[in-house]
Each structure stands twice: as structure tokens, then as C-alpha cells.
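K.L.:
build me a model:
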Amino acid sequence: MTLFITGPHLMRICFTWAIFYYTFSLIYHSKFSIQRKTLSYWALWLISVTLNIFLSGYANLLIAIIIYFVLWSDKKIDYYLINIILLSFLVKFLAIIIPSPILMHFFPNPDAASYGFNLIINLIEFIFSITFVYFYNYFKLNDFFQSRENPMTSIVLGYVYIIFFMFLKLTQHFKAYAGLITGMFIFILIQCIFIILIFSFTRRRQRKVYRDRFSEEQVKNLKLYTDQLEHDQLKLRHFKHDYKNLLF
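P.N.:
Okay, the predicted model is just below:
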């Protein structure tokens, strides 16, 4: 269903997706050339703006699928690309949700047709996104996501995004029950954090078990190598002894 789009709203949509793809390009290390990446991001930006105008927030899933197939370069499933797409959508979502209480305090009755109000929203979104990129690079999270060759990380990120998306839609449709929905959201968020902690603990434990097994295997191989050296040394001594006796 096509909605009536005002000038300020259209400006906000264009800037929002421009910030999204700028952030995405900073954290995703693509194998494509600079020219191809530039053309791909411009095409994706145009597609995203168009779909957002016609489908509003429900276009995100379709946009995520399009991004994957446009940037997908290998025949196998690219979990790194999937994780970065989900992470970028989470950052985009949080950049709008987190500053909302502050904006509601300063703009209790914001004018939806105001260019100034929409520019403030885009500015906050840009600052939040750039801050995220800084911490992403500071903690070297790209190495972490590139090493994830299984769907578990993607499932966790997708689950967290779905929870946030459902919270936003329920709050918009049931404003009278905003307090109850917020309480449920906090409870589910605690569950998400608990799941992420369990996932991290399990991965760390598996890594430790793998390192221990690898160390044991190395010690075992080293012992076999040492025993073989001792055996060869003993045979060499016997050979020298027999050779000297023969010469004598």
C-alpha cells in the first residue's frame, strides 16, 4: 500500500538509508573492486528508498535479501555477509529507538512535516552509527565475524532484531499498553542477553577444550618423536660399536 510521503519524510528516508549503507561499507570488507562496490551501494540505496516508500518498515526483510544476493560472491553460504547485514540493521534500528525518549522530551509534539525535526533525527542516527563503527574497529569485531563459519551467530543476531522489531510495532499499535509492552520487552531483552552469554560461554569452553586436545596431541606426537629419536640413537650406537669391533 502506497502512503502519502511528504518532503521532510522523503528526505529522512533518503538520509537514513544513505547513513545505513555508509556504515555498512565501513564495517563490511568486500572482495569487489571500488567501482563495483560504489555502483552496488548506489543501486541498493535507490532500491531501499523505493521499497521503504511503498512498504515502510516491512521492507527490511526484502532489502536484506536483496543486499545479500547483490554482494554475495561465493557459491557457499556467506555467514560473514549475513552477520554484517543483520548487525547493520540492528544499528539502524537502535539509532532510532535509543534517542527516542530524548527527542520526545525536547519535542513532545513534533511536527512530522518539519525539515528541522527530521534533520535532527538523521544527525543523531549518523552520530550513533559512527560511534558504533569506532567501537567496532576498536574491539576488532570484524575478525570475530569473519571467523564465524556457522549459522549460530546469524541466528542470535536475527533473533535479537526480531525482538526489537516486534517491540516497536506492538508499541505503535497498542499505545495504551505501552507500559506492559515495555515490561515484556525488558524481560525478553534480559533473555536475549542471557542467551548471548550462554552462547559466548559455550563457544569459549569449546575453544578451550579444542586447545587442550590440540596440546595433548602435540605432547603425544612430541613423545613419539622423542622415543623414535632415542631408538634411532641406540641403533646408531650399536652400529658404531659393531663396526669398530669388525675393523678391530
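K.L.:
helix or strand right after the lowest-mean-pLDDT helix or strand in the chain?
P.N.:
Using mean pLDDT, DSSP states H and E, helix 100-106 stands out as the lowest-scoring helix or strand of the chain, at a mean of 65. Next helix or strand after helix 100-106 toward the C-terminus (DSSP states H and E): helix 115-138.
K.L.:
which other helices and strands does that following helix contact?
P.N.:
In terms of contacts (3 or more C-beta pairs under 8 Å, 6 or more residues apart in numbering; DSSP states H and E), helix 115-138 is packed against helix 7-27, helix 79-97, helix 100-106. Heads up, the C-betas are built off the backbone N, CA and C, glycines and all.
K.L.:
if we use 6 Å, what do you get?
P.N.:
For helix 115-138, the elements it packs on are helix 7-27, helix 79-97, judged by 3 or more C-beta pairs under 6 Å, 6 or more residues apart in numbering; DSSP states H and E.
K.L.:
quick one: the longest one to helix 115-138, angle?
P.N.:
The reference is to helix 7-27. Computed by axes from the mean of the first three to the mean of the last three C-alpha atoms, to 10 degrees, the angle separating helix 7-27 from helix 115-138 equals 10 degrees.
K.L.:
quick one: F24 and F89 touch, right?
P.N.:
No. Look at F24 against F89 with C-beta atoms under 6 Å: they stay out of range, at 9.4 Å.
K.L.:
run the angle between whichever strand or helix holds I65 and helix 79-97 for me.
P.N.:
According to DSSP H and E, I65 maps onto helix 60-71. Calculated by the same axes, to 10 degrees, helix 60-71 forms an angle of 140 degrees with helix 79-97.
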